[in-house]
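1. Next input, structure requested:
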Amino acid sequence: MNKPSYIVVSCVLLVLGLLATARQLLYPYLPPATTNRLEGSSQRFLSAAGHYQVNWHILEEDALKLGKSSGKPILLVVGLYGSRVTQDMDTAMFADTDTARFVSENYYCIRIDGYEHPEWLNAVLPISRLSMQLYPGFQVWVLDSSGHVQSYIGRWSGSSSIENQQLFRELVEARHRYDEMKAQGTGIKLGLDKQQVDLDLLGSQSGSANPHFPEYAAQLSTLIDSVHGGFPTGDIHRLYPNVWRYFSMTGNSRLWKRSLEPLLLSPIMDIKEGGFFRLSNSRDFTKVEFAKPSRLNAEMMKVLAIQGQIDGDSFYNEIASETFDFLFAESENNKMIPACQEDEESPQARSPRRSYPSWMLRDKLSAADRDWAVKNLKLDPRINPQMVPYITSRLVLLDPNNKYQEVLEALKPDKQLKPIYSDTGYMDVNGHTVARMLEVARMWGDSDRLLALQTCLNNLEMFRSGTTITHRTEDIQHQTGYLGDYLGYADAKLQEYLATGNLVGFQQGLSVLNAAIERFKGDRMGQFNLSASPSDMGGFDMFCMPEISDDLGESCTAQMIRLMLAYGRLLGDTVSGRNLIQLAKESTYLFSDIANAGGPDTAGFFCAAAEVMDDRYAVAVGPRAKDLSALLYRRIPTRFIAPALGGLRPDIQKRGPGIYLIGKSVEGPFSVEEAAQRLPTTLVGTPHR
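-> Purely as a prediction, here's the structure:
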C-alpha cells in the first residue's frame, strides 16, 4: 500500500488547520440554528442565546423560586446585548456543544437581560465587585439553591482573547465545590457566602466617614494611560464620564485633559453621526465596538459641555453639540430614546455603516481629497484597520469650511443603511438622558433645544401613575420596582424646573423622589436599594442591595444623594428640606469608606459627595429669577444654581430680587457678575474668593 507523500500530508493538515481557524473566527457570524425557547424574545440578551443548546429559564417565569427546588446549583447569567466583549464571552461559554450539555445537566440556568432588569446588574456583590476584574455587561454567577453566592465564572482580565476551555474548567470546578459542600452538609451559608460578606461589610460601616477627595484624585492619576489616555483595564478601554466630571468639579483640568483629550482624537469618538462608541477592545483604539449607549453619551455630552463653558473652548462645545444632536435624533427616530444604537460588524471588525474601505476612497474621492482623508481622518488600513474616520487635530473639527463633513458626504454610500436601535422604551434610560439634555441646553441658554425636548418630557408621563413609576410602558407586570426609574423621572423634572420654571413639574418630581425614599430604603440610614422588596428579586432578600458602581451611568446611590440635596436646597429651611439634606449627608458618610477604594467606577459618588461637603450654591429670586440663574449657571456650571419661584425658599424671596449665595450664611443680593466673582467654580475645600 502506497503511503501519501509528505507534501500531500502537509497540505491536508494545512487545509484542516485553516478550516478549523476559519470556523473559530467565523462562528459568531454564522446563521444560528434555533435550538431553545429564547428564540424570538423581545429582550435582546435573551434572544441572542436562542441558538445555544442550553435549557434556559427566565425571571418572568419565577425562575429563581423554581431554582430553589431544582436540587442543582443556579447558574445566573446577567448581561447587556450590543457589546462585542459580551458576545465573545457568551459564545466562548455556551456555543460549544459539550459546555452547553454540561451546564444544562449540572446547573439550573437563568438568563437575565440587564436592560430589562437593571436591578440585577449590580445586585450580586455590589461592594466586592469594585476590586474584582468583572465586566458588568456579562456576569456569570454560581449560587446554591438557596441563593448563596459561591463563585464568579469568567473573571475578566481585560484581554480581548477568551478561552473556552478555561471557562469550561471553571464551570466543572464550581460544580465540584458545590457537590463537596453539599456532601459535607456544610453548605455555603456557614461562612463562604460572598454576598453575605458584602452585607456584613455594609452593616459594619460607621456612617460617619468622610470621602478622601485629594487621595481619590491621586489614585485616579496613577491609572491614566500616559500614551492613549483613559483608564484601560488590560486591552479594554471603557469611557468614564463621571471621572471627567469629577475632575471638572474639583479643578483638576490637567488630569481632565491628560486622560480625555487623547480619546477625542481617536476612533472611539464618532465624527460621522456624533457621540461616542461604548468601548475599544484594544488599548490603542484600533478595534472599537460600534454600540453607542444613550446614557453613556448623555453623560459624555454633559462632561464636555461643562469643560467647554469653564474654558470657553469651542472644541469641547462642538463635540457636546454633536452628541446632543445624535441623542435627539434617536428620540425622533424611535419616539422613545433607545438604550443603545448598534451596528453590524464583519469578521474584520468593520461596520457596513461606519467603515470606509480603500476602494470607496478610490471610487468616490479625488486624489487630493483622498490624500486629505488619509492624513486628517486616518483612513489608512495600515494604521486604522477598521477604517473608521477620526480626527487627528481639533482644527479638523473646527475648520470653518467643514472639510471633514464634505469628505464624509462624498463617501456616503449609494444605498444608506439604517442604524439598529435596541431596547427602546425604558424609563431609566429616557429619564436620565432627557435630564442631561435639559441640563446642557440650559447651560448653553439654547431655548430652541429646550423647546424641542418638550415631547421627550411629555413621553415620561407614560411611565407614571401617581407616584408609581414603571420600567417600561408595556407589559408592566414585572416592572414596578427599580430605583433608577424613579430617580430618572425625578431628575428630569428637576432639570425641567431649573430650565423652564415649571413648578408643577417640580412638585411631580418631588413626590416621586419622596416615594422612592420610602419604598427603596434599606437597613441603614442613607441606604437605598435597587429593588423595593425581596419579592422583586425572586424572593432572595440578600440581593436587595444598593448600587455604588457607575456601570450603566451614574450609580443610583450617587443620583439619590445629588437629587435629595438639590430638592432639599430648593425646599430650604422646612422639615422636608432639612430631612432631604440630612439624608444626602447620611448616604455620603455611609458609603465614603467603600467608595474611596473604588477607582474610576465610584466617580459618580465622589461628584455627589463633593456637592455635599462643599455646600455653597446660589439661588435667584425676583421677576427675573429664572434668567438670572441661567446666566450664572453658564458661568459656573459645576455648582447648583437655581431660581426660587412660587412658594420655594420664602426665606430668600423676602430679601428682594437678585442672586443670593448660600453656604454657612446667606450673602446678597448680587448681580450675575458679582455672584460669579464670589462663587468658586471649583468645589471641595476651595476658599471663598
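
2. contacts and neighbour counts: CA atoms only from here.
-> Noted.

3. need the helices for the stretch 451-600 of the chain, in chain order.
-> Ranges of helices in the stretch 451-600 of the chain, per DSSP state H, counting those that start in this stretch, are 454-460, 483-500, 503-519, 556-571, 575-596.

4. Number of residues surrounding V434?
-> V434 has 31 neighbours, counted by other Cα atoms under 10 Å.

5. actually N384, not the one I typed
-> N384, neighbours per other Cα under 10 Å, totals 18.

6. Over to it: give its phi and psi.
-> Here is the backbone geometry of N384 (degrees, to the nearest 10): phi -140, psi 80.

7. residue contacts, the residue most central in space within the chain?
-> Centroid-nearest residue in the chain, with Cα atoms, centre = their mean: L552, separated by 2.3 Å. By Cα atoms under 8 Å, 6 or more residues apart in numbering, L552 lies in contact with R295, L296.

8. can you list the domains in the protein?
-> According to automatic domain parsing, the chain comprises the domains 1-30, 34-203, 235-424, 618-678.

9. Just put these in CSV and tack on distance to L571.
-> Output for the domains of the chain, formatted as CSV (distance: least, Cα to Cα, whole Å):
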stretch, distance to L571
domain 1-30, 55
domain 34-203, 30
domain 235-424, 24
domain 618-678, 6
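
10. can I get those in TSV with mean pLDDT and distance to A218?
-> Formatted as TSV, these follow (pLDDT from 0 to 100; distance: least, Cα to Cα, whole Å):
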stretch	mean pLDDT	distance to A218
domain 1-30	59	42
domain 34-203	83	18
domain 235-424	92	10
domain 618-678	96	21
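
11. With respect to K521, which of these lies nearest?
-> domain 34-203 (14.0 Å; Cα to Cα).

12. quick one: which helix or strand includes F328?
-> In the assignment (DSSP states H and E), F328 maps to helix 314-334.

13. Check which helices and strands that helix is in contact with.
-> helix 294-311, helix 394-398 (3 or more Cα pairs under 8 Å, 6 or more residues apart in numbering; DSSP states H and E).

14. Recalculate using a threshold of 7 Å.
-> Here helix 314-334 touches helix 294-311, going by 3 or more Cα pairs under 7 Å, 6 or more residues apart in numbering; DSSP states H and E.

15. buried sites along the helix it packs on?
-> Using 16 or more other Cα atoms under 10 Å as the test for burial, helix 294-311 gives 294-310.

16. the inter-axis angle of it versus helix 314-334?
-> Interaxial angle, helix 294-311 versus helix 314-334 (axes from the mean of the first three to the mean of the last three Cα atoms, to 10 degrees): 150 degrees.

17. ok, residues contacting helix 294-311?
-> Residues from elsewhere that reach helix 294-311 (Cα atoms under 7 Å, 6 or more residues apart in numbering): 241, 244-245, 248, 275-276, 314, 316-317, 320, 323-324, 327, 338-340, 429, 432-433, 436-437, 440, 552-553, 634-635, 637.

18. what does stretch 380-395 give?
-> By Cα under 7 Å, 6+ apart, the surrounding residues in contact with stretch 380-395 are 265-267, 271, 286-287, 315, 349-350, 354-357, 374, 376-379.

19. May I see the buried residues of the helix holding F328?
-> Neighbour-count burial for helix 314-334 [16+ other Cα under 10 Å]: 315-328, 330-331.

20. Could you do stretch 92-103 as well?
-> A92, M93, F94, A95, T99, A100, V103.

21. At which residues are the strands of the stretch 401-550 of the chain located?
-> 420-424, 464-465, 468-469 (DSSP state E, counting those that start in this stretch).

22. contacting residues around the first one?
-> Meaning strand 420-424. Contacts for strand 420-424 (Cα under 7 Å, 6+ apart): M336, I337, P338, A339, C340, Q341, E342, D343.
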